[in-house]
Every structure is written in structure tokens, then in C-alpha cells.
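A.B. asks: Predicted model follows, preceded by the sequence.
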Amino acid sequence: MPETLTVAIVGCGIGRAHITEGYLADPERYRVIAVCDLDRARLDAFAEEFGIPRKTTTFDDLLAMDDVDIIDICTPPSVHYAQILAALAAGKHVICEKPLVGSLKEVDEVIAAERNAKGKLMPIFQYRYGDGVQKAKKIIESGVAGMPYVGTAETFWQRLPEYYAVPWRGKWATELGGVLMTHAIHIHDMLMWLMGRPAGLFGRVATRVHAIEVEDCVSASLELESGALASMTATLGSREELSRLHLAFENVTFESSHFPYALGNDPWRIVPRNDKVKAEIDALLADWTPVPPRFAGQMRDFHRALTQGTPLPVTTADARGALELVAAFYHSARTRQDVRFPIGPGHPLYEGWIPAPPQPRSA
């Protein structure tokens, strides 16, 4: 029987999906013993529903619990940075929802803190999990797919006005960005995970769907280090919701399922160049073991990393790559210029991309 790790969840919003998909489905590996939320009524209902013995409205209470192995951060983006650093300093392992933090400077500071910490930090990118995307990853890593040529990443989602009735959404100070940070960040991470790191980006952002501060429509042309090209488009105003990756490699073309919130799941279309490539793929996948989707798969692999010493399924370096792409998008849109990677301390948006508030006109 695997070692059971104890978890404290902070934030009862997306925290619900973490517990229903990731922890309750795997009771031999995880036991949730504490929960924290500022909304007392929501906290009480959450703790009662899932039989969680401890509840608090104070984050520091979780840090003081010696029998908590993992702090799972499911709070609004603007507070992630401080909570991650505090949890690592308390000797805890940390899981944190996307976006990990709000700037490249902050993520570099988190990476440095993790390097000296007792605990490990895993950012959440649950869309990497499911049979479809995992099969594609295996085929690509085996070399069967060959050279990457081009790809497209589409996030056509719908968010209605009531979505933005939640006070922290749609605002620079609390959400730290719009569709780039909160929604399309998933598929953009998948694109890089499957096709490789970016070398250059030319992008545009716009606010066209809602009366909010942040962007809700984006599009960009991406050059990858391999020389492959990709396009990325996202909106929160689509009347038909879908997520789609379409990737053309030398020997295989991959097209994801179109399920907007289960993008990694089968069925994926895997189209080989010829019968020889098909036979190689069939042999590669002949003994395929199903991969749990979304949080179930990522939490399973996190447990393996902590107890068996396997690599972390998602790293802070992965989170940095996602934020680097966001910084490049904003900088390109504001300057109307191509942005080159990597982005380091000398870049204008290294310390953040939140625009300065407009200055009042002098009389």
C-alpha cells in the first residue's frame, strides 16, 4: 500500500475539483485533513460535505499544523506568491493553481526558494493528463513523429457576465491578466510541452467581449526553437466552446479532442504518414496503460515523485515557461514588435506586466 500523504486545501473554489478528482478518488495516497477559506459559510459547507475534520479562515493556521504534508493553494492569483513562499518556509510540499505567480521576477524568486526548501512545489497543469495527450507525448518523445512543422492552439470558450461578478476576476490587481493567464495558459503549456520551447512571438491582445480591465481575446504567431511555427488564438466570447490542438510533424499529425475542459482525454486523431509509421505507433502503444485524466493523473504522479523519487510531473520551470509566453504576448501587443526568448531580468516586463493606472490630467 502506498504511503498516505496529508493535505490542507486553501480556497474552496477550484479546490472542489482538486478534492473530487484528485484526492477522494485516491484515498490510499491522500487524506485531506484541513481546509481554509475566508468565506465562513462556504468553508463550513465544504468541510461538512467532504468530511474534513479541521477548518480555519487563517492561512497561518495551516502552516502551523505539523501533521500536514502538503499545502494545496487554490486561491486567487494575486496571493499565490506570498502563500507559496510561506508554505515552503514552513517545510511543506506545495501544490499551486495556475497562474503560479504574477511575474517572471516572482517565479525566479520562487525557484530560488524551492531550491533551498525541504518541500517540493508542483504547479497545476492538469490538461497534460489523459490518454490522448499522453499518447501523443510518448510518440513524439520516441522520435517516431519526426521533425515538428506547424501547430495551432485554439481556446474558444464562453464566459458570461455572471462569471465576472466574482470580485477578483477581470481586474489586473487580482487576476493578473485575462484569457492569457487564466484560460488559454493551459493549451499554450500543452503546445510547448509537445512541440518545444519558443524562440519568438508576435502577438495581439484585445478586450472585446466584456467590460473588464484585462484581455478576453488574443492571437499570436509563434516561432519555436526547432524552427517550427505555431499560431495561438483564444476568446471568451465563443458561442460554441471548444479547445483544439492541431500539430503537424514530419511523420504524424495529431489533433486533440475538442472537449473544452478535458482536452487531454481521448479521442485524439493520430494520423501516421504511412503504414510503416502506423506499425511503429501500434507497437509503441501496444501495452498502453490508461492515464487518469486531469487532476487525478497529476496528483497521482506528484505522490510518486514525493514517495518514490520520480521526477515532478510539472515543475516551476514549466510554470516559468508559461509566464514567459504571457510576458511576450503583452510586450508584443504593446510595442507592435516581435519578442525574442528567453526573457530575463533586463526585459521591460520581467518585473510584471500590469499596466500603470492612468494619471489624472492636470488642470
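C.D. replies: Yes, it's here.

A.B. asks: Show residues contacting the host helix or strand of residue 156.
C.D. replies: Taking DSSP states H and E as the criterion, residue 156 maps to strand 148-158. Contact partners of strand 148-158, identified using C-beta atoms under 8 Å, 6 or more residues apart in numbering, comprise 179, 183-184, 186-188, 190-191, 194-196, 224, 226, 228-250, 260. The C-beta positions use only the backbone N, C-alpha and C, and glycine is treated the same way.

A.B. asks: And the strands in the stretch 1-150 of the chain, which stretches?
C.D. replies: With DSSP state E, counting those that start in this stretch as the criterion, the stretch 1-150 of the chain has strands at 5-10, 30-36, 54-56, 70-73, 93-96, 121-123, 148-158.

A.B. asks: Rebuild the ones you listed as TSV, extending it with distance to residue 287.
C.D. replies: Shown next, in TSV, are those (distance: least, C-beta to C-beta, whole Å):
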stretch	distance to residue 287
strand 5-10	29
strand 30-36	28
strand 54-56	43
strand 70-73	32
strand 93-96	30
strand 121-123	28
strand 148-158	26
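
A.B. asks: Let's have those in JSON lines, adding mean neighbour count and distance to residue 114.
C.D. replies: Converted to JSON lines, the strands of the stretch 1-150 of the chain look like this (neighbours: other C-beta atoms under 10 Å; distance: least, C-beta to C-beta, whole Å):
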{"stretch": "strand 5-10", "mean neighbour count": "23", "distance to residue 114": "18"}
{"stretch": "strand 30-36", "mean neighbour count": "22", "distance to residue 114": "21"}
{"stretch": "strand 54-56", "mean neighbour count": "17", "distance to residue 114": "25"}
{"stretch": "strand 70-73", "mean neighbour count": "28", "distance to residue 114": "13"}
{"stretch": "strand 93-96", "mean neighbour count": "25", "distance to residue 114": "8"}
{"stretch": "strand 121-123", "mean neighbour count": "27", "distance to residue 114": "5"}
{"stretch": "strand 148-158", "mean neighbour count": "20", "distance to residue 114": "28"}
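
A.B. asks: Which one of those strands lies nearest to residue 331?
C.D. replies: strand 148-158 (19.4 Å; C-beta to C-beta).

A.B. asks: Sheet partners, orientation included, of that closest one?
C.D. replies: Strand pairing for strand 148-158, determined by DSSP bridges: strand 229-235 (parallel), strand 237-249 (antiparallel).
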